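*Asks:* Quick one, fold the following:
(one chain, ligands or ions: 2)
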Amino acid sequence: MSGAIPTPTPDTTRSPAPGSGGAARVRPGRRLQGTLQVPGDKSISHRAAMLAAAAGGRTVLESYAPGRDAASTLACLAALGVTVQRPDPGRVVIDGPGIAGWRAPAAPLDAGNSGTTMRLLLGLLATRPFRSTLTGDASLRRRPMGRVVEPLRRMGARIEGQDGGRLAPLHVQGGDLQGIHHDSPVASAQVKSAVLLAGLFAAGRTSVREPALSRDHTERMLPLFGVPVERDGLTVAVEGGRPLRAPARLVIPGDPSAAAFYLAAAILCPDSRIVLPGVGVNPTRTGFLEVLENMGARVGMARQAGDGSAGDGSPAGEPVADLTAETSALRAVTIGGDLIPRLIDEIPILAVLATQARGTTRIRDAAELRVKETDRLRALAEELRRLGARVDEHPDGLDVHGPTPLRGAVCSARGDHRMAMALAVAGLVATGETVILDASSAAVSDPDFFANLRRLGAPVDGPDRPDADEPSRITARAPSGAGSRPHPAGTASGQGPSGAPSRGDERA
Ligand SMILES: O=C(O)C1=C[C@@H](OP(=O)(O)O)[C@@H](O)[C@H](O)C1
Ligand SMILES: C=C(OP(=O)(O)O)C(=O)O
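*Replies:* Ligands and ions are numbered 1, 2, ... in the order given. The predicted structure is shown next:
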């Protein structure tokens, strides 16, 4: 068992810049009610756009993720000569020239804040016979890229970058790659996907083994583009050289990682009940829902028809459900091991829930959080303590002691969208006013987050995007089983994956 890490004294000198568009103000919440369409899944949107661009023919993507990360992927594809149109905010039309039609970009490709954009696109660019540069914002330029550069170099790609290619900007000169087997030391869907995407255009077979199952959206989507994928336990493989066929239309399910913040808000605020129709419930993403149940939360999942497998009519190959959450008393839980990759992006909001749960919640095997948009373990420990929470930081996790009354204070999202949203939910259970600096970073994944919270009845002020008050996304009625999103049909198996514990200690 690792020892707790002491935290430096909080910086109390920071205060919100007057009139700053980047801050949010949150007061105690009660009676959150309504039905809310969550944004389209960010992970699935990145993959759908990249595969559509690499295929020949037109693909229409419905309910494409609205945030800045998914927009970064579209901008990079357009810079590679792919025709990308967005006739309305939820719909993206991609006329794929086939990957052979991609052209050397005139300027560095900017992945912004998006790790998924940089790592997955690097896999595809490694197969192109031209030189390109991938860069990103200051946060992304600190995140480890060696984990994808190393296997791609072994396949034959020439990649240079800061710190020997461990950090962006990355310069890639691709060409004829050879398929490899990659034993990934980290349970990362980005690593797995980058290598498999390169493998699509490499000679022979490419396989990846991961230490625990990470999200499997790439594997589910490839057959929809005409490429079979073989799975044997924790190993997944593709044969190179098969042309990608555009599937005409893909419907992106609601994002369970975005849903998590609204579910948590309803669970924590008195007299609340909300409904989220059409949320993806792929078992590699539902760890959070399982933990909520173990904490005693009143959450419901009404699965839609089909199992999400290719050919059953579910356009993105993903199971979908309508989720509900009600005000609940919570008890502490211990989480770690194989569960971590299945709720990796939900740990910030789980830590907030844990402040209100009876007992000590222990989170372990989660050192990967230190290499996300910010060091999320450090950020959670320090920012939640500002609100009065009792949190011990460990090298690979947190202990959160609850229940602890929170009090409003000035805290910072540190440029991390998931921190912004987690702190906003914490503010709803804190006394007085909570000010969240840098809250506009929520737009990286959910630009309507603050407006949506307000529509559910939460006393929250901005920052909102200019059109965030258009009223079409929320109604007061319960769903009839299908929301306004065109749903992929499907049900979750509810079966958790198994495998060796994930390792989060890699920094390369
Ligand atoms: O493949 C993806 O779409 C993602 C994989 C995860 O990252 P890692 O693969 O680095 O664990 C996750 O944290 C990220 O938000 C999205
Ligand atoms: C880690 C995340 O995304 P990415 O790695 O794509 O930046 C996230 O969305 O929480």
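
*Asks:* for the stretch 1-150 of the chain, what spans make up the helices?
*Replies:* 42-54, 68-79, 115-125, 146-155 (DSSP state H, counting those that start in this stretch).

*Asks:* List the buried residues in the last one.
*Replies:* For helix 146-155, burial by neighbour count (16 or more other C-beta atoms under 10 Å) applies to 146-152, 155. Placement of C-beta: from N, CA and C, glycine included.

*Asks:* Name the nearest of these relative to residue 345.
*Replies:* residue 147 (17.5 Å; C-beta to C-beta).

*Asks:* OK, contacts around residue 432?
*Replies:* Taking C-beta atoms under 8 Å, 6 or more residues apart in numbering, we find residue 432 in contact with 27-28, 407-408.

*Asks:* okay, the residues you listed in a markdown table with distance to residue 326 next?
*Replies:* What follows is the contacts of residue 432, written out as a markdown table (distance: C-beta to C-beta, whole Å):
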| residue | distance to residue 326 |
| --- | --- |
| 27 | 21 |
| 28 | 18 |
| 407 | 25 |
| 408 | 25 |
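
*Asks:* Could you find the closest non-adjacent residue to the residue in the stretch 1-150 of the chain that ligand 2 sits nearest to?
*Replies:* Scanning the stretch 1-150 of the chain for proximity to ligand 2 using C-beta to the nearest ligand atom identifies residue 115 as nearest, at 2.8 Å. Leaving aside its chain neighbours, residue 115 sits nearest to residue 143 (5.7 Å; criterion: C-beta to C-beta, 6 or more residues apart in numbering).

*Asks:* got a pLDDT number for the one you found?
*Replies:* On the pLDDT scale, residue 143 is placed at 98.

*Asks:* quick one: contacts for it?
*Replies:* 115, 167-168, 371-372.

*Asks:* Give the single residue among these positioned nearest to residue 239.
*Replies:* residue 115 (27.4 Å).

*Asks:* my guess is the closest one meets residue 190, correct?
*Replies:* Yes - if you go by C-beta atoms under 8 Å, residue 115 and residue 190 touch, sitting 6.2 Å apart.

*Asks:* where in the stretch 401-508 of the chain is pLDDT low?
*Replies:* 466-508 (pLDDT under 70).

*Asks:* near ligand 2, which residues of it show up?
*Replies:* Residues of the stretch 401-508 of the chain lying near ligand 2 by C-beta under 6 Å from any ligand atom: 418, 445.

*Asks:* where do the strands sit along the stretch 401-508 of the chain?
*Replies:* For the stretch 401-508 of the chain, strands defined by DSSP state E, counting those that start in this stretch occupy the ranges 406-407, 410-412, 430-431, 434-437, 460-461, 474-475.

*Asks:* Span of stretch 122-131 from start to end?
*Replies:* Using C-alpha to C-alpha, to the nearest Å, the gap from the first to the last residue of stretch 122-131 comes to 11 Å.

*Asks:* for stretch 338-352, same thing?
*Replies:* Termini of stretch 338-352 sit 21 Å apart (C-alpha to C-alpha).

*Asks:* Stretch 152-168 too?
*Replies:* 15 Å.

*Asks:* Establish whether it and ligand 2 are in contact.
*Replies:* No - Stretch 152-168 does not reach ligand 2 (C-beta under 6 Å from any ligand atom); its nearest approach is 12.1 Å.

*Asks:* buried set for that stretch?
*Replies:* In stretch 152-168, counting by 16+ other C-beta under 10 Å, buried: 152, 155-157, 159, 161, 165-168.

*Asks:* can you tell me which of these are in helices?
*Replies:* Secondary structure from DSSP state H places 152, 155, 165 of the buried residues of stretch 152-168 in helices.

*Asks:* Contact partners for the first one?
*Replies:* Translated: residue 152. 122-123, 126, 159, 172, 177, 194-195, 198.

*Asks:* sorry, back to before: turn the helices of the stretch 1-150 of the chain into a markdown table, including mean pLDDT.
*Replies:* Below are those laid out as a markdown table (pLDDT from 0 to 100):
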| stretch | mean pLDDT |
| --- | --- |
| helix 42-54 | 98 |
| helix 68-79 | 98 |
| helix 115-125 | 98 |
| helix 146-155 | 98 |
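
*Asks:* From residue 136, how far out is the residue nearest to residue 115?
*Replies:* The gap separating residue 143 from residue 136 is 8 Å, by C-beta to C-beta, to the nearest Å.

*Asks:* Find residues that contact each of the two.
*Replies:* The contact lists of residue 143 and residue 136 share residue 168, where a contact means C-beta under 8 Å, 6+ apart.

*Asks:* What distance do you get for residue 99 to residue 381?
*Replies:* The gap separating residue 99 from residue 381 is 44 Å, by C-beta to C-beta.

*Asks:* try residue 271
*Replies:* On the measure of C-beta to C-beta, residue 271 and residue 381 end up 31 Å apart.
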